[in-house]
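**Q** The following comprises the amino acid sequence and a computationally predicted model.
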Amino acid sequence: QVQLVESGGGLVQAGGSLRLSCVLSGRTFSWLVMGWFRQAPGKEREFVACISGSGGRTDYSGSVKGRFTMSRDNAKNTVYLQMNSLRPEDTAVYYCAASTESMTSRRAAYNYWGQGTQVIVSS
């Protein structure tokens, strides 16, 4: 059974930083494309970033490009999302997800999801 567990969320002031982590168990980690999505209250869940199985390729949404960095440590079955220069509009529940397909921002392509971690950015 595949499990994804996120951590690292919290309350931070605008301009601050947070690092989210997500640990996967139950599947060969390095074969999976990993993604981060977020959902703000009253909004659809949206793509944030994804990373290839080797970690050599990343892709970001336009709203976070240049501020967020996604990485992975295959030895630890863990992906990270370093979030800098946070803005109030980054406030959301952040979800880690895993896909058996190629790198994609399509939510439907992700087979496995974590429970989410809350990020609140105060102005």
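**A** Cool, the structure landed. Residues are numbered from 1 along each chain as shown.
**Q** Tell me how many other residues crowd residue 123.
**A** Under the neighbour criterion other CB atoms under 10 Å, residue 123 is assigned a count of 9. All C-beta spots, glycine's among them, are computed from the backbone N, C-alpha and C.
**Q** burial of the residue lying closest to it once chain neighbours are set aside, as a residue count?
**A** Of all residues not flanking residue 123 in the chain, residue 88 sits nearest, at 4.7 Å (CB to CB, 6 or more residues apart in numbering). Per other CB under 10 Å, the neighbour tally for residue 88 reads 11.
**Q** any idea how far stretch 57-68 is from the chain center?
**A** When C-alpha coordinates are averaged (CA atoms, centre = their mean, to the nearest Å), stretch 57-68 and its chain have centres 11 Å apart.
**Q** tell me the mean pLDDT over it?
**A** Mean per-residue pLDDT for stretch 57-68: 98.
**Q** Restricting to C-alpha, output that stretch in CSV.
**A** Extracted in CSV, the C-alpha atoms of stretch 57-68 (Å, rounded to 0.1, in the frame of the first residue of the first chain):
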residue,chain,number,x,y,z
ARG,A,57,14.2,17.7,-14.4
THR,A,58,11.7,20.0,-12.7
ASP,A,59,8.7,22.0,-13.8
TYR,A,60,6.9,24.8,-12.0
SER,A,61,3.7,26.8,-12.3
GLY,A,62,4.2,30.3,-13.3
SER,A,63,3.0,31.7,-10.0
VAL,A,64,5.9,30.0,-8.0
LYS,A,65,8.7,29.9,-10.6
GLY,A,66,11.8,31.5,-9.2
ARG,A,67,10.5,31.4,-5.6
PHE,A,68,9.9,27.6,-5.0
